[in-house]
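Peer 1: Provide a 3D model corresponding to the input given below.
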Amino acid sequence: MASAGRLLLLLLCLLPVAPVLTIKKYQHLSHKSIGEPCETHSECQSDCCVTNSLNPQKFCTAQTVFQQCLSWKKPNGYICKDHLECQSKCCVVNNYGVQTYCKAKTIFLQCLPWRKPNWDYCNYHSECRSKCCIRLNELSPNRCVPQSGILLQCLPW
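Peer 2: Numbering: from 1, shown residues only. Below is the predicted model of the structure:
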């Protein structure tokens with residue numbers, strides 16, 4: 001009976017140790033300082049693990065005043081695939097190629113794609129700055145032309 005009491009006492013003494021060890025293990029994982037490499041938000045003291053440059057490595061960073069974790073965004077001129085990659089939230093083609101780039105929005109906060117200048121070859125009205133793509137005669141290919149007439153219509157020259 002005495003040995004059973006000792007065994008029970010020993011078990012009771014050991015029980016609180018296991019949860020404390022587990023808590024310390026998780027505290028160590030979840031308390032990385034700002035600037036340390038991380039993979040998930042829960043690893044950081046700030047609960048914020050994001051990229052801070054073109055490098056895909058994530059780092060612990062401070063949250064904004066509004067408690068948000070903001071990733072680094074590409075400035076104008078950088079190659080992009082999606083609007084969300086850019087600081088301006090505007091990712092468009094900016095020349096004759098198919099590559100898209102981060103571009104500033106207009107004064108009216110519009111994200112306008114690059115369009116072909118007048119007299120360039122075209123297939124659709126939407127390709128032209130003038131939004132006017134027509135054939136100049138029956139044998140010529142379509143070209144971007146300035147809108148004309150009193151009502152600025154897309155008319156042949």
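Peer 1: can you pull out the strands in this structure?
Peer 2: Secondary structure of the chain (DSSP state E): strands located at 37-38, 49-51, 58-60, 91-93, 100-102, 133-135, 142-144.
Peer 1: any chance of the ones you listed in TSV with mean pLDDT and distance to Phe66 as columns?
Peer 2: C-beta: built from backbone N, CA, C; applies to glycine. Below are these laid out as TSV (pLDDT from 0 to 100; distance: least, CB to CB, whole Å):
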stretch	mean pLDDT	distance to Phe66
strand 37-38	91	21
strand 49-51	88	15
strand 58-60	89	18
strand 91-93	91	24
strand 100-102	93	24
strand 133-135	90	45
strand 142-144	92	45
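Peer 1: show me the shaky parts of the chain.
Peer 2: For the chain, applying pLDDT under 70 flags the ranges 1-30, 149-152, 155-157.
Peer 1: what about dumping the CA coordinates of stretch 48-59 to PDB?
Peer 2: This file holds the C-alpha atoms of stretch 48-59, laid out as PDB (Å, rounded to 0.1, in the frame of the first residue of the first chain):
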ATOM      1  CA  CYS A  48       2.300  38.900 -38.900                       C
ATOM      2  CA  CYS A  49       4.500  36.900 -41.300                       C
ATOM      3  CA  VAL A  50       4.800  38.400 -44.800                       C
ATOM      4  CA  THR A  51       7.200  39.000 -47.700                       C
ATOM      5  CA  ASN A  52       9.000  42.400 -47.600                       C
ATOM      6  CA  SER A  53      10.700  42.400 -51.000                       C
ATOM      7  CA  LEU A  54      11.000  40.600 -54.300                       C
ATOM      8  CA  ASN A  55      12.600  37.800 -52.300                       C
ATOM      9  CA  PRO A  56       9.900  35.100 -51.600                       C
ATOM     10  CA  GLN A  57      11.300  34.600 -48.100                       C
ATOM     11  CA  LYS A  58       8.800  35.700 -45.400                       C
ATOM     12  CA  PHE A  59       9.700  37.600 -42.300                       C
END
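Peer 1: now it: buried residues?
Peer 2: Of all the residues in stretch 48-59, those buried under the rule 16 or more other CB atoms under 10 Å are Cys48, Cys49, Val50, Lys58, Phe59.
Peer 1: go on, stretch 138-149?
Peer 2: For stretch 138-149, the buried set under the neighbour-count rule, 16+ other CB under 10 Å, comprises Asn142, Arg143, Cys144, Val145.
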